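# how does the following fold in three dimensions:
(one chain, ligands or ions: 1)
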Amino acid sequence: MRAVDIITRKRDKQELSKEEIEFFIKGVTSGSIPDYQVSAWVMAILLNGMTPQETTYLTLSMAHSGDILDLSSVAPLVVDKHSSGGVGDKTTLVVAPIVASYGLPVGKMSGRGLGFSGGTLDKMESIPGYRVDLSEAEFMQQLKEIGIVLTGQTSDLAPADGILYGLRDVTGTVPSTPLIASSIMSKKIAAGAQAIVLDVKLGYGAFMKDLKQAQELAHLMVEIGRLSGRKVRALLSDMNQPLGEAVGNANELKEAIETLHDHGPADFREHCFTISAHMLLLGEKAENLEAARNMAEKAVTDGKAWEKFIQLVKAQKGDISYIEHPEKLPSASIHEEIKAERDGYLSMVNAQLVGEAAVLLGAGREKKGAPIDLGVGIIVHHKVGTEIKNGDVLFTIYANSREHLIAAKTKLMNSVSIVKEKCDELPLFYGVI
Ligand code: URA
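Below you'll find the predicted structure:
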């Protein structure tokens, strides 16, 4: 078999066999297929799609490109969650400690930013010393000892995804249903959790732009999970506007800390309580969803989730003085406000443009492996549906260069629309699969 023939077949819209997909993924993993051929292949997949059968083969080959963890020695039931990617999505930082505070182990391997969407690892790395490179043995040990782990994908787990993820980020090949489904589910299968909650985002700031695409992705992932013997639930959630107020790495960590202290923006709090509730329910810690939702809120009000977060950061060698005093976290030197220029109602805060503005400031990567600036970002002050007065502050920009500030400002001004007629708030969720 030759990589070029497999690329050509996908270019010509043909269905690939199990053997061809396995051959390609083995070549990706061993490095025998060079980046330029891998990039051409993922572009062909993005343009021509894959059948559910091909996507399942792709997912399983990627999951088996490295080790598959067996967590049964750690606990009878370990839960995990994964978001399909969004702007301002710092949910894991809050839900993992909430759920783990009830003795339900959460073992999570997270990713870095992808395109205009942020990544949990980058956010956690705002804490000096915090290790995101735990070995498998350390992952298992910490999960057993404190019931929570939040680390990066080790090079031994789904290594093919690690390679594809890095290339897709910089080759315009992120928004593809089979590539996203296989990326997410291969990691989840390899990381070993028996129960998984998927947060499938839809809207401007998501890779899935509408409900139909998001439902398709969610069904595909739930089915792949079922075939692999996992309990999977997918929630369809809004990503037309950013989640919460903070966008950017240290900014988002600060907002997660505020939320764990029982403050934080109302939409973000409710989103976290709902995701946590589904995890608690799948993990058999609650009788029904309402009870689980109340448990989630209680873990925040009584400080148990915060204690768990401190335990996590300590275990992964982060300097906890930075989370106890978040003013010590990186913060950019230039702060500038963007104000409304008319009265009316906010009808759009386009999350993709806000995410792109954050990347222009330096919060995301334009090249594989490029460094990012943890202290830059944006605060989004209002939600769609809010009444706005001329002069109200819409955004605060945190920048470290005038040039970046100007570029981000233009994007942000284009991201909002203020209309005369009253408009509805956006829902947080669109359904559960
Ligand atoms: N999250 C992932 O892990 N992979 C994707 O492809 C998109 C979001």
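# for stretch 153-171, which residues meet the burial criterion?
Neighbour counts over stretch 153-171 (16 or more other C-beta atoms under 10 Å) mark 153-154, 157-171 as buried. (Glycine included, C-beta is placed from N, CA and C.)
# how many neighbours does residue 310 have?
15 (other C-beta atoms under 10 Å).
# gap between the nearest residue to it once chain neighbours are set aside and residue 98?
In space, and not counting its chain neighbours, residue 310 is closest to residue 320: 5.8 Å by C-beta to C-beta, 6 or more residues apart in numbering. To residue 98, residue 320 is 19 Å away according to C-beta to C-beta, to the nearest Å.
# compare the two and say which is more crowded by neighbours.
residue 98 (30 against 16).
# could you check how far the more buried one is from the ligand?
Residue 98 is 21 Å from the ligand, where distance means C-beta to the nearest ligand atom, to the nearest Å.
# same deal with residue 431?
For residue 431, the distance to the ligand - C-beta to the nearest ligand atom - is 19 Å.
# residue 376 and residue 362 touch, don't they?
Yes: between residue 376 and residue 362 there is a contact at 4.9 Å, judged by C-beta atoms under 8 Å.
# any common contacting residues for these two?
400, 404 (C-beta atoms under 8 Å, 6 or more residues apart in numbering).
# which one of these two has more residues nearby?
For the pair residue 376 and residue 362, the greater number of neighbours falls to residue 376 (31 against 24), based on other C-beta under 10 Å.
# do you know how far the residue in the chain that the ligand sits nearest to is from residue 360?
Residue nearest to the ligand within the chain (C-beta to the nearest ligand atom): residue 183, separated by 3.4 Å. Using C-beta to C-beta, one gets 25 Å for the distance from residue 183 to residue 360.
# let me see the ranges of the strands in the stretch 51-200 of the chain.
Under the criterion DSSP state E, counting those that start in this stretch, the stretch 51-200 of the chain contains strands at 79-83, 106-110, 148-152, 195-202.
# weakest of these in terms of mean pLDDT?
Ranked by mean pLDDT, the strands of the stretch 51-200 of the chain bottom out at strand 106-110, with a mean of 90.
# tell me the helices and strands packed up against that one.
If you count contacts as 3 or more C-beta pairs under 8 Å, 6 or more residues apart in numbering; DSSP states H and E, strand 106-110 packs onto strand 79-83, helix 91-100, helix 120-124, helix 136-146, strand 148-152, helix 177-191.
# starting at the chain centroid, how far to it?
12 Å (C-alpha atoms, centre = their mean, to the nearest Å).
# now do it and strand 79-83, the angle between them.
Angle between the axes of strand 106-110 and strand 79-83 is 30 degrees (criterion: axes from the mean of the first three to the mean of the last three C-alpha atoms, to 10 degrees).
# what is the end-to-end distance of stretch 293-312?
This stretch, stretch 293-312, spans 23 Å end to end (C-alpha to C-alpha, to the nearest Å).
# who touches it?
Contacts for stretch 293-312 (C-beta under 8 Å, 6+ apart): 93-102, 146, 148-150, 257, 259-262, 269, 272-274, 276-277, 280, 285-286, 320, 323-324.
# so which bits of that stretch are buried?
293, 295-297, 299-300, 304-306, 308-309, 311-312.
# wait, which of those residues is closest to residue 18?
residue 312 (39.3 Å; C-beta to C-beta).
# quick check: which element contains the closest one?
For residue 312, the element it lies in under DSSP states H and E is helix 304-315.
# quick one: distance of that helix to the chain centre.
20 Å.
# now that helix against strand 148-152, angle please.
Going by the same axes, to 10 degrees, helix 304-315 makes 50 degrees with strand 148-152.
# which SSE is immediately downstream of helix 304-315?
helix 321-324.
# helices or strands up against that next one?
helix 304-315.
# tell me the contacts of residue 338?
393-397, 409, 412-413.
# and these, which are buried?
Judged by 16+ other C-beta under 10 Å, buried ones among the contacts of residue 338: 394-397, 409, 412.
# pLDDT, secondary structure and distance to the ligand added to the residues you listed, as TSV?
TSV is the format used below for the buried ones among the contacts of residue 338 (pLDDT from 0 to 100; DSSP: H, G, I helix; E, B strand; the rest coil; distance: C-beta to the nearest ligand atom, whole Å):
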residue	pLDDT	secondary structure	distance to the ligand
394	98	strand	28
395	98	strand	25
396	98	strand	28
397	97	strand	26
409	96	helix	28
412	97	helix	24
